[in-house]
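> structure for the following, please:
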Amino acid sequence: MNDWQRLDELLERGLDFYGRQLVVEAIRCWREVLQLSPGHRLALEYLEAAGASAQDGQDGQDGQGGADGADSRPTAPPRVTRSSSARGSTQDDRGVSTGRAITSDEQVMSLDSLSALTVELIREKRFEEALTLLYTAHGEAPRDQSISRSINVVKQRLLREYRAEIGDLSQVPKLALDDALIEELPLSDDERELVPLIDGIVALEDVLQSGGLGALQGHRAIAQLLRRRVIRLTPGAPSAGAPPADAAKTAGASSAGAAPAEPLAAAPEPAELRQAEPRQAEPRPAPTLKLVPPEAARAPEAARAPEAARAPEPARAPETPARAAAAPAAPPALATVPLVVSTLRGPGARDAQEAREARDARDARDARDARDARDARDAVPLPDTRSKTLPIQVLPGPLPGRDRDATAPVTAATPPLRPSPYAAHVAEAVRAHLQGRQQRARELLVLCVQECPDDPAARRNLERLKERLGFSDGGRDGGRDGGRDDGKDRK
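Here you go, the predicted structure:
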């Protein structure tokens with residue numbers, strides 16, 4: 001049990017003793033409160049209302065009946081003889097005020113009876129009814145300080161009860177009924193004064209401050225509205241800058257005998273004392289970059305392409321000497337520049353890279369197919385479309401400059417045949433003719449005629465080429481050759 005709970009228990013026990021007319025025990029409890037918390041305002045007020053001092057043996061009233069067992073009773077207001085019909089009220093069977101004015105024919109209770117009934121109501125914790133009786137007694141004896149102190153004690157007790165019932169004042173009240181239903185309810189003037197201030201936004205403490213009512217009246221009106229289910233409370237922001245509860249309890253320690261300027265605040269619950277600890281946002285992990293080595297970025301496209309995108313190499317016919325001699329030289333392959341892939345990969349980088357690799361593989365396959373088709377086209381001469389003469393052909397025949405017969409069987413011991421310069425010139429002339437370079441083809445054919453004058457194919461190809469070009473060289477290709485050609489043509 002902490003100090004606050006101990007103080008509350010001692011204050012409650014003292015009030016219980018005081019309600020049962022055990023003044024000595026009540027004073028002892030309240031003095032123990034002062035020992036735990038010197039200058040406690042409520043304990044000082046209770047002792048002052050009981051007519052005792054804060055220390056033992058300094059007054060003559062608190063010890064009466066304590067040693068000899070005489071009856072100890074709370075200090076009662078002085079007996080007066082004038083009636084209280086002007087301000088009094090009728091009582092029910094229990095002696096509780098009914099709020100109805102007393103007539104001259106009805107019995108009027110004396111102040112002694114009011115004091116005894118007030119003590120009984122305080123013992124039963126019926127503080128509202130006790131406060132009503134104390135107000136009646138105060139009307140009979142307005143200068144009696146003991147009645148005023150008793151009123152103050154009961155009001156503080158009532159305020160604590162209402163604050164415990166309401167809860168945190170930072171809550172936001174909202175109307176639970178329609179305005180038409182609220183108008184039909186039998187609300188008090190204080191309740192009707194606070195209802196227009198409740199808009200579902202303003203907190204309870206602001207409503208109480210704006211209402212202009214006293215602390216007890218405002219808390220009583222809010223508690224009554226909650227009991228009638230006219231309003232409901234929703235959690236709100238905690239009040240900023242509120243004084244601590246222990247400071248409110250010990251306030252006024254320096255001025256123990258002075259009357260409090262404001263009512264004592266209710267002891268807050270332990271849950272209200274705990275402050276919410278600020279939650280720190282968890283740090284987010286730093287983004288990681290997936291780096292690709294430069295060697296992998298510079299790798300050839302064929303190595304980076306998936307296996308499915310790699311087209312198989314088409315089967316090629318076995319190479320023969322005649323095919324090697326007639327096949328034109330393949331043009332140099334275009335150098336492929338490796339693509340440098342960025343090392344920063346986003347969500348769709350993998351799909352984009354796969355699509356790019358598939359496209360590169362398809363382009364390589366198309367280039368290879370085009371090269372094969374071009375090689376096949378070069379091997380077969382195209383027909384002449386501008387004249388009705390036969391196309392240029394390479395006639396088979398013995399090749400000059402060979403040591404053995406071309407028709408001799410080829411065995412494993414036979415050395416491989418190598419194409420002569422003449423065959424290379426003939427193949428180059430045919431390729432130049434197909435490519436449209438007629439002047440180059442003519443020069444090569446003239447060279448072939450000079451190398452092998454006995455080959456009629458070279459001479460015939462040269463003559464056909466001259467006819468296409470539309471001029472005769474005369475003796476520019478060699479007087480001997482030109483004359484021989486003219487003679488053969490004339491024959």
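> neighbours around residue 371, how many?
Applying other Cβ atoms under 10 Å, we find 13 other residues in the vicinity of residue 371. Where C-beta positions appear, they are placed from N, C-alpha and C, glycine not excepted.
> thought residue 233 was touching residue 171?
Yes - with contact defined as Cβ atoms under 8 Å, residue 233 counts as touching residue 171 (4.2 Å).
> can you list the low-confidence ranges for the stretch 1-150 of the chain?
Where the stretch 1-150 of the chain drops to pLDDT under 70, the residues are 1-2, 56-116.
> now do the helices in it.
Along the stretch 1-150 of the chain, the stretches classed as helices by DSSP state H, counting those that start in this stretch are 3-19, 23-36, 41-49, 111-123, 127-140, 145-166.
> dump these into JSON lines; add mean neighbour count and distance to residue 356 as well.
Supplementary listing: these in JSON lines, determined by neighbours: other Cβ atoms under 10 Å; distance: least, Cβ to Cβ, whole Å:
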{"stretch": "helix 3-19", "mean neighbour count": "18", "distance to residue 356": "75"}
{"stretch": "helix 23-36", "mean neighbour count": "20", "distance to residue 356": "84"}
{"stretch": "helix 41-49", "mean neighbour count": "23", "distance to residue 356": "85"}
{"stretch": "helix 111-123", "mean neighbour count": "20", "distance to residue 356": "93"}
{"stretch": "helix 127-140", "mean neighbour count": "21", "distance to residue 356": "87"}
{"stretch": "helix 145-166", "mean neighbour count": "20", "distance to residue 356": "72"}
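> could those helices be laid out in a markdown table, adding distance to residue 424?
Converted to a markdown table, these look like this (distance: least, Cβ to Cβ, whole Å):
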| stretch | distance to residue 424 |
| --- | --- |
| helix 3-19 | 116 |
| helix 23-36 | 124 |
| helix 41-49 | 125 |
| helix 111-123 | 135 |
| helix 127-140 | 129 |
| helix 145-166 | 114 |
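> list the buried residues in the helix or strand containing residue 424.
According to DSSP states H and E, residue 424 maps onto helix 421-434. Buried positions in helix 421-434, judged by neighbour count with 16 or more other Cβ atoms under 10 Å: 422, 423, 425, 426, 427, 428, 429, 430, 431, 432, 433, 434.
> over to stretch 182-191?
For stretch 182-191, burial by neighbour count (16+ other Cβ under 10 Å) applies to 182, 187, 190, 191.
> stretch 351-369 now?
357, 360, 361, 364.
> restricted to helices, list these.
Using DSSP state H, the members of those that fall within helices are 357, 360, 361, 364.
> related to what we said a few turns ago, if we only consider the buried residues of helix 421-434, which is nearest to residue 451?
Distance to residue 451 across the buried residues of helix 421-434 (Cβ to Cβ) is lowest for residue 422, with 4.9 Å.
> pretty sure that closest one contacts residue 448?
Yes - using Cβ under 8 Å, residue 422 and residue 448 qualify as a contacting pair, with a distance of 6.1 Å.
> what touches both of the two?
Residues touching both residue 422 and residue 448 comprise residue 455, with contact defined as Cβ atoms under 8 Å, 6 or more residues apart in numbering.
> next, count neighbours for residue 456.
Neighbours of residue 456 (other Cβ under 10 Å): 12.
> from residue 217, how far off is it?
Applying Cβ to Cβ, to the nearest Å, one obtains 139 Å for the distance of residue 456 from residue 217.
> spatially, which residue comes closest to residue 174, not counting chain neighbours?
Counting by Cβ to Cβ, 6 or more residues apart in numbering, the nearest residue to residue 174 once its immediate chain neighbours are dropped is residue 200, at 4.2 Å.
> surely that neighbour is in a helix?
No - under the criterion used here (DSSP: H, G, I helix; E, B strand; the rest coil), residue 200 is coil, not part of a helix.
> tell me the pLDDT of it.
At residue 200, the pLDDT value in this model is 86.
> same question, residue 172
Note on residue 172: pLDDT of 91.
> residues in contact with it?
Contact analysis of residue 172 by Cβ under 8 Å, 6+ apart lists 200, 201, 202, 203, 204, 233, 234, 235, 236.
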